[in-house]
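J.: Show me the folded form of this:
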Amino acid sequence: MKIGEFEIEETFKATNIGVILTGKIIAEKGSVKLAKGDKISFEFNKRRITRQIKGYETGVGRNINLELSHLRNIGILIECENDFEVEELSNWKPEKVMAELFAES
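T.: Alright, predicted model coming up:
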């Protein structure tokens, strides 16, 4: 089930962890509650990819365990298929690509 959107502003590689997508949460109604295991789906290199969310943090570095809406400076750590994908995504310049957020179940 779709729970909201995420505007991707930047990506970067976290050494030995994976790729972090940074940007802001956009909620159509109310707020968004993220959980590890939720999914994110977005266009990358002319194809749609869907990845599992492994973790998330706000710009101040604390874990998100609350409902979010229109918040900036959110970092979402995603699961990547392999090291090649990590490198591709970390070098990507998304320019505010809109991603969809889906609840795990």
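
J.: Give me the neighbour count for residue 28.
T.: Per other CB atoms under 10 Å, the neighbour tally for residue 28 reads 10. Using the backbone N, CA and C atoms, a C-beta is placed for each residue, glycine as well.

J.: residue contacts, the residue nearest to it when sequence neighbours are not counted?
T.: Take residue 28 and drop its neighbours on the chain: the residue closest to it by CB to CB, 6 or more residues apart in numbering is residue 4, 6.9 Å away. Listed by CB atoms under 8 Å, 6 or more residues apart in numbering, the contact set of residue 4 reads 25, 26, 27, 28, 32, 69, 100, 101.

J.: tell me the SS of the fourth one?
T.: What that stands for is residue 28. Following DSSP: H, G, I helix; E, B strand; the rest coil, residue 28 is assigned to coil.

J.: wait, residue 52 sits on residue 81?
T.: No. Judged on CB atoms under 8 Å, residue 52 makes no contact with residue 81 at a distance of 10.8 Å.

J.: what about these two, which has more around it?
T.: Neighbour tally, residue 52 and residue 81, criterion other CB under 10 Å: the higher count belongs to residue 52, 14 against 9.
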